[in-house]
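Requesting a structural model of the entry that follows:
(4 chains)
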Number of protein chains: 2
Amino acid sequence: MSDTRGYHHGDLRRTLLTAAVQAIEESGPAALSLRDLARRAGVSHAAPAHHFGDRAGLFTAIAVQGFDTLADALTRAGDELLDLGVAYVKFAVGHRAHFEVMFHPDLYRTDDAELRAARERSGAVLRAGLAHRSGRPTPAADGPQEDVLAAWSIVHGFATLWLAGALPAGLGEDPGDAARSVIRHLFIPAPGTD
Amino acid sequence: MSDTRGYHHGDLRRTLLTAAVQAIEESGPAALSLRDLARRAGVSHAAPAHHFGDRAGLFTAIAVQGFDTLADALTRAGDELLDLGVAYVKFAVGHRAHFEVMFHPDLYRTDDAELRAARERSGAVLRAGLAHRSGRPTPAADGPQEDVLAAWSIVHGFATLWLAGALPAGLGEDPGDAARSVIRHLFIPAPGTD
DNA sequence: CACCGTATCTTGTCAATGACAAGATAAGCT
DNA sequence: AGCTTATCTTGTCATTGACAAGATACGGTG
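Numbers count the residues shown, from 1 in each chain, chains lettered A, B, ... in the order given. Model prediction:
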């Protein structure tokens, strides 16, 4: 059924999505061309438009897929706070195309219904996991979950810097291990601060 | 001298750079068009090519300017560790066009000599400032300055999330204040961990 | 089985873009 | 005054995103 025979491709949408992700991993979102995408899939230059409408529509679909995958990955990461952070970084590096698109709202349609749902889903998993923080029932009294934002910031920052190639060598090959040893510096202390 | 008269513009390069930064702030780097840029500056469509070669050349120039400005800002931020982080976030939000370009190496030429110099300069300021950390003479024995990377990660992550509009409302209008109250969660504890 | 509506994909076209080539104009130097 | 060089313009080409209109296959209904 998922063959490439004749007029009807059978599974074009999925094929285009995976081809797009691969292309983005190779040369970034900016360099992605709808026509090149069509060529890779062996279809005409206007075929993608039918499934995604336009460029923004394609990126929207990728972002949705990304938020869904992230939610799954975080769910599988377990309850341990540090593991959650490591899973976040692993997802970013392992799915860099999705990750880059997800956090570049100028590429897609942020008001898309499916997208909002997927984003909220992964956000909920993240918040739930971080709120589960063992020694601290209610995160903080003052700000809007400042410690959650701090945790999100450090893992997101590490992932972004890693992907940008801005981190120094000597961290090793495995982003998970590297992330663990770095973000540990936020998670280890569990003080009753104020 | 810096007028727009006749055949020779007089200060085209600078004019194009500021126009480009403004355009990027409005609609992101991806949407930047060299021809639109030329129109904004009131010159022919091929004029930018003379100064920057091509699109990548323009982004390279912007990145250089960005790393230089960042180095200056961090230098002015003083010795206090928290202030340094806040200055980093303030720069990112106050110069979002530069910041976005700087950390998207696929946009420009990473092997450009001027760029490498500017990047190294700002990197040195950052490392020096973070190494100055009062209570801790030598950061850590084990990893490659893991605590420095943790600090960089959290401020970079916060800035990126802020710019992406991913942070929840309720943090207020001022990114500096918000950053201070969030990244504080990393900087406050000064334990003798291991 | 015949028919028809619809989803899927193609061909054709247009304005805009990035890149390049070649020429025109100005500025500086001797 | 004359030469050299930097700066900017005009002209052109292949590529791209978007749209319109048509061709093909699929699924259901009679």
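
got the contact list for A:H51?
With contact taken as Cβ atoms under 8 Å, 6 or more residues apart in numbering or on different chains, A:H51 is in contact with A:12-13, A:16. From N, CA and C alone the C-beta is placed, and that goes for glycine too.

go with 10 Å
Contacts for A:H51 (Cβ atoms under 10 Å, 6 or more residues apart in numbering or on different chains) come out as A:12-17, A:57-58, A:61.

And for A:A73?
A:84, A:87-88, A:90-92, A:94-95, A:122, A:125.

likewise A:A61?
A:A61 touches A:13, A:16-17, A:20, A:51-53, A:101, A:108, A:112, A:114-115, counting by Cβ under 10 Å, 6+ apart.

can you tell me the helix or strand for the closest residue to chain B within chain A?
Closest residue of chain A to chain B, Cβ to the nearest Cβ: A:G157 (2.5 Å). Applying DSSP states H and E as the criterion places A:G157 in helix A:146-164.

and the next element down the chain from that helix?
helix A:175-187.

quick one, what contacts the residue most central in space within chain A?
Nearest to the mean C-alpha position of chain A, by Cα atoms, centre = their mean, lies A:F99 at 3.3 Å. Applying Cβ under 10 Å, 6+ apart, we find A:F99 in contact with A:63, A:66, A:69-70, A:88-89, A:91-93, A:156, A:159-160, A:163.

right, and the pair among those with maximum separation?
Greatest spatial distance among those (Cβ to Cβ): A:A63 and A:V89, at 18.9 Å.

Format the contacts of A:F99 as TSV; extra columns: neighbour count and distance to DNA strand C.
Listed next are these as TSV, based on neighbours: other Cβ atoms under 10 Å in any protein chain shown; distance: Cβ to the nearest atom of the strand, whole Å:
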residue	neighbour count	distance to DNA strand C
A:A63	27	21
A:G66	25	22
A:T69	18	23
A:L70	25	27
A:Y88	27	34
A:V89	27	33
A:F91	23	29
A:A92	26	28
A:V93	18	29
A:H156	27	30
A:A159	26	29
A:T160	24	25
A:L163	19	23
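
near DNA strand D, from these?
For DNA strand D, no contacts are drawn from the contacts of A:F99 by Cβ under 7 Å from any atom of the strand.

What residues sit buried inside the helix or strand bottoming out on mean pLDDT in chain A?
One helix or strand of chain A scores below all others by mean pLDDT, DSSP states H and E: helix A:113-131, with a mean of 89. Neighbour-count burial for helix A:113-131 flags A:115, A:118-119, A:121-123, A:125-126, A:129-130 (criterion: 16 or more other Cβ atoms under 10 Å in any protein chain shown).

Name the nearest of the residues you listed relative to DNA strand C.
A:L115 (19.4 Å; Cβ to the nearest atom of the strand).

just to revisit the earlier point, check the contacts of A:H51 for burial and list the buried ones.
Among the contacts of A:H51, those scoring as buried are A:12, A:15-17, A:57-58, A:61 (criterion: 16+ other Cβ under 10 Å).

Mind putting those residues into a markdown table with secondary structure?
Shown next, in a markdown table, are those (DSSP: H, G, I helix; E, B strand; the rest coil):
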| residue | secondary structure |
| --- | --- |
| A:L12 | helix |
| A:T15 | helix |
| A:L16 | helix |
| A:L17 | helix |
| A:G57 | helix |
| A:L58 | helix |
| A:A61 | helix |
